[in-house]
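Trainee: For reference, the sequence and a predicted model appear below.
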Amino acid sequence: MATRFTKSMARNIFFGGSLFFFLLFLALTFDTNQKLPKRDNSQNLTASVIHGKKLWETNNCIGCHTLLGEGAYFAPELGNVYKRRGPDFIKAWIKGQPTGVPGRRQMPQFNFTEQELDSIVDFLKYTSEINTNNWPPNIEG
Amino acid sequence: MQYQSQAVAKPYFIAAIALFFGQIIFGLIMGLQYVVGDFLFPEIPFNVARMVHTNLLIVWLLFGFMGATYYLIPEESETELFSPKLAIITFWVFLAAGAATVLGYLLVPYASLAKFTGNDLLATMGREFLEQPLPTKVGIVVVVLSFIFNVVMTMLKGRKTAISLVLVLGLVGLAVFFLFSFYNPHNLVKDKYYWWWVVHLWVEGVWELILGAILAFVLIKVTGVDREVVEKWLYVIITMTLITGIIGTGHHYYWIGAPAYWQVWGSVFSALEPIPFFMLTIFAFNMVNKRRREHPNKAATLWALGTGVMAFLGAGVWGFMHTLAPVNYYTHGTQLTAAHGHMAFYGAYAMVVLTIISYAMPILRGRAANSNKAQVVEMWSFWLMTVAMVFITLFLTAAGVLQTWLQRISTTPMSFMATQDSVAIFYWMREASGVVFLIGLIVYITSFFIKGETKVS
């Protein structure tokens, strides 16, 4: 090794490299934002969908379920549940909780109104229509 | 200890260990709920146990990082802390806020908690890991800002080393990226996209800077190897961390509605992500092999070496296993994710905090190292916890592989719950390993109370 690799060289590579890749990340993010409207189903973000998302969040559904594969892994994937089960099943299921079957995983009773149930269904329908590059692999999520 | 004000680290370390204990208890509750679904229902539903488990993890690690910083910044800067009083006030504020938040999770339904705490003003709750109510989130920002202020002021009046520079850079990054937790667009794709700016850019970005700095500090102390060598390694490792980790965020963008090109960017860069962890392992072993002194604290050296190895296995190998887009298509959101998460967090962050506690706590208690007897017990706890974590990871991996097969790949895919029933045996074995982990943690805590011959520092 003829040239000696010094600490200040290492530091400069760190600052330069990190800055470069962070800027590249920002550029990719900018490009993603340009392309999102074609994929993210945002044209269907109605007031009801937005309300549904809020209900999804304020009841911490992500604490058991996954949505597009992210969340807890305790309960089924719901990104495609609208396609798997349909609106009536979803509403009946939420209303019927907890099942009370001994030893089975239990979902709490949230006492939603009909209108709130509709919003949740609308939110799950909107989610199922996002272009996810064909994920999940099958209807079982 | 060299500087009086380093003493403020002690309450931080004690709180960290106490919260760690709480985290494991809730982990065991959840593990049991996986197989006995109605355990503690409706008193502690799974989602509540999980929030407590993951939030305590984040908070105890933050306590650990802060304690570590308060311990090492005066020594690195060769000056007393700017304001020990502020550090103690920050400690109590943070602990009270953390306790109030956990009680909120446990005592009121989440929807009521959201209502009481002003989630309608600025909706930020109910997103994985960022479940904290608005006042807690604001509190975290205030605490972290006052903490960074204290640290930077200390640094400015003293010596500026690479270790303290990297540490502060990591802490500032932690604060900056946390701000994205306040951004919650209605558009789910954008919500998820920027959610990762906190979650990924923390654990696969700026936290690794903190990890590197703490480990480098301890290695200098226990090996006596030249600072120039250690700091050069540190720079090279964190360079690799950031150049792989920043674009590596892309491995979370495959299936959330982002453009398909992220599958290429994400796969290429996250395939490189194990490199910095591999270097970290080589670094730790190299430094210990080249050591110029026999430090009396053998336990701290063991933790430091363990951090490198386990971080490489958990974050590097288990991360790589399902990070390539064609693999991830089938494994995304399965128990494989849980397996990777457990070993990565334990190996990288839990262990580095335990490393600095192991090194600093005896000194804070007025001795260079604990007695041999206490160290032997501590090393037992190292092996119990670490081996238990290896088994937790292996059992979750088995569950994940089987789950992927039955639910996603098989020609007759099974439903989620039917699949869960089929892999229950692995959840039982994971729970048993969890009990061993808890025993290890109890042994660890016991080691603090074991007396014996010690050398005064």
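Mentor: Good, I have the coordinates. Numbers count the residues shown, from 1 in each chain, chains lettered A, B, ... in the order given.

Trainee: quick one: contacts for A:Arg20?
Mentor: Check again: residue A:20 is Phe, not Arg. B:Ile243 (C-beta atoms under 8 Å, 6 or more residues apart in numbering or on different chains). Yep, even glycine has a C-beta here, placed from its N, CA and C like the rest.

Trainee: Quick check: closest non-adjacent residue to the spatially most central residue of chain B.
Mentor: Centroid-nearest residue in chain B, with C-alpha atoms, centre = their mean: B:Tyr349, separated by 3.6 Å. Once flanking residues are discounted, B:Tyr349 sits nearest to B:Leu61: 5.1 Å by C-beta to C-beta, 6 or more residues apart in numbering or on different chains.

Trainee: What of B:Thr124?
Mentor: B:Asn184 (5.3 Å).

Trainee: Give me the phi and psi angles of B:Thr79.
Mentor: phi -160, psi 160 (degrees, to the nearest 10).

Trainee: And it, how far from B:Arg127?
Mentor: Per C-beta to C-beta, to the nearest Å, B:Thr79 is found 41 Å from B:Arg127.

Trainee: Could you do B:Arg408 as well?
Mentor: 25 Å.

Trainee: ok, back up a step: how far does the host helix or strand of the residue nearest to B:Tyr349 sit from the chain's center?
Mentor: Applying DSSP states H and E as the criterion places B:Leu61 in helix B:46-77. For helix B:46-77, the separation from the chain centroid amounts to 8 Å (computed by C-alpha atoms, centre = their mean, to the nearest Å).

Trainee: Share the number of residues neighbouring B:His186, please.
Mentor: The number of residues packed near B:His186 is 16, by other C-beta atoms under 10 Å in any protein chain shown.

Trainee: now do B:Ala123
Mentor: 19.

Trainee: and it, what element?
Mentor: Applying DSSP H and E, one finds B:Ala123 in no helix or strand.

Trainee: Correct me if wrong: it contacts A:Glu57.
Mentor: Yes - taking contacts as C-beta atoms under 8 Å, B:Ala123 lies within contact range of A:Glu57: 6.7 Å.

Trainee: Please identify every residue contacting each of the two.
Mentor: Joint contacts of B:Ala123 and A:Glu57 (C-beta under 8 Å, 6+ apart) are B:Asn184.

Trainee: Now do the residue nearest to the centre of chain B, the pLDDT please.
Mentor: What the model reports as pLDDT for B:Tyr349 is 98.

Trainee: do B:Glu453 as well
Mentor: So B:Glu453 comes in at 76 (pLDDT).

Trainee: Give me the three-state assignment for it.
Mentor: coil (DSSP: H, G, I helix; E, B strand; the rest coil).

Trainee: and it, what does it touch?
Mentor: B:371-372.

Trainee: Would you report the backbone torsion angles of it?
Mentor: Residue torsions, per degrees, to the nearest 10, at B:Glu453 are phi -60, psi 120.

Trainee: What parts of the stretch 101-250 of chain B come near chain A?
Mentor: Contact residues (C-beta under 8 Å from any C-beta of the partner chain) of the stretch 101-250 of chain B with chain A: B:109-111, B:114-115, B:119, B:123, B:125-128, B:131, B:162, B:184, B:186-190, B:192-193, B:228, B:231-232, B:235-236, B:238-239, B:242-243, B:246-247, B:249-250.

Trainee: Which one's more surrounded, B:Thr79 and B:Arg127?
Mentor: B:Arg127 (21 against 17).

Trainee: for chain A, what spans make up the helices?
Mentor: Assigned helices in chain A, in chain order: A:7-35, A:47-58, A:81-85, A:87-95, A:114-128 (criterion: DSSP state H).

Trainee: And the fourth one, what does it pack against?
Mentor: Under the contact definition 3 or more C-beta pairs under 8 Å, 6 or more residues apart in numbering or on different chains; DSSP states H and E, helix A:87-95 sits against helix A:81-85, helix A:114-128.

Trainee: Any chance of a markdown table for the ones you listed, columns mean neighbour count, mean pLDDT and distance to chain B?
Mentor: Below are the helices and strands packed on helix A:87-95 laid out as a markdown table (neighbours: other C-beta atoms under 10 Å in any protein chain shown; pLDDT from 0 to 100; distance: least, C-beta to the nearest C-beta, whole Å):
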| stretch | mean neighbour count | mean pLDDT | distance to chain B |
| --- | --- | --- | --- |
| helix A:81-85 | 18 | 98 | 9 |
| helix A:114-128 | 20 | 98 | 6 |
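
Trainee: Now distance to B:Met30 too, for those helices, in TSV please.
Mentor: Below are those laid out as TSV (distance: least, C-beta to C-beta, whole Å):
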stretch	distance to B:Met30
helix A:81-85	23
helix A:114-128	25
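
Trainee: Go through those helices and name the closest to A:Ala27.
Mentor: Distance to A:Ala27, taken as C-beta to C-beta, is lowest for helix A:114-128 among those, at 28.0 Å.

Trainee: Please work out which residues outside that closest one touch it.
Mentor: By C-beta under 8 Å, 6+ apart, helix A:114-128 touches A:41, A:44-46, A:48-49, A:51-53, A:55-56, A:67-68, A:78-83, A:87, A:90-91, A:94-95, A:112, B:188.

Trainee: SS state for the residue in the stretch 301-450 of chain B that chain A sits nearest to?
Mentor: Nearest to chain A, among the residues of the stretch 301-450 of chain B, is B:Gly333, at 3.2 Å (C-beta to the nearest C-beta). Following three-state DSSP, the label given to B:Gly333 is coil.

Trainee: Please verify my assumption that it contacts A:Thr66.
Mentor: Yes - here B:Gly333 lies in contact with A:Thr66, judged by C-beta under 8 Å, at a distance of 4.5 Å.

Trainee: Residues that sit against both of those two, list them.
Mentor: Shared contacts of B:Gly333 and A:Thr66, defined by C-beta under 8 Å, 6+ apart, are found at A:73, A:77.

Trainee: Can you report how many residues lie near the closest residue to A:Arg11 other than its chain neighbours?
Mentor: Distance criterion C-beta to C-beta, 6+ apart; nearest residue to A:Arg11, sequence neighbours excluded, is B:Tyr235 at 5.3 Å. Number of residues near B:Tyr235 (other C-beta under 10 Å) recorded here: 23.

Trainee: Might you report the residue contacts of B:Tyr235?
Mentor: Residues near B:Tyr235 by C-beta under 8 Å, 6+ apart: A:7, A:10-11, A:13-14, B:162, B:166.

Trainee: does it sit in a helix or strand, and which one?
Mentor: Counting by DSSP H and E, B:Tyr235 is found in helix B:227-248.

Trainee: Could you look up the next helix or strand downstream of that helix?
Mentor: Toward the C-terminus from helix B:227-248 - assigned by DSSP H and E - lies helix B:262-272.

Trainee: Output the contacting helices and strands for that next one.
Mentor: helix A:7-35, helix B:227-248, helix B:318-321, helix B:325-331.

Trainee: Next, give phi and psi for whatever residue of the stretch 51-200 of chain B ends up closest to chain A.
Mentor: Using C-beta to the nearest C-beta, the closest approach of the stretch 51-200 of chain B to chain A is made by B:Gly126 at 2.9 Å. For B:Gly126, the backbone dihedrals (degrees, to the nearest 10) come out as phi 70, psi 20.

Trainee: Next up, the contacts around it.
Mentor: Contacts of B:Gly126 by C-beta under 8 Å, 6+ apart are A:56-62, B:110, B:114.

Trainee: please redo it, this time with the cut-off set to 10 Å
Mentor: Shown in contact with B:Gly126 (C-beta atoms under 10 Å, 6 or more residues apart in numbering or on different chains): A:53-63, B:47, B:51, B:110-111, B:114, B:119, B:184.

Trainee: how many neighbours does the closest residue to A:Asp31 other than its chain neighbours have?
Mentor: Closest residue to A:Asp31 apart from its sequence neighbours, by C-beta to C-beta, 6+ apart: B:Pro259 at 7.6 Å. By other C-beta under 10 Å, 18 other residues sit near B:Pro259.

Trainee: before we move on, the earlier item: deepest of the helices and strands packed on helix B:262-272, which one?
Mentor: helix B:227-248 (a mean of 23; mean count of other C-beta atoms under 10 Å in any protein chain shown).

Trainee: I'd like the distance from that one to the chain centre, please.
Mentor: 19 Å.

Trainee: All set, thanks.
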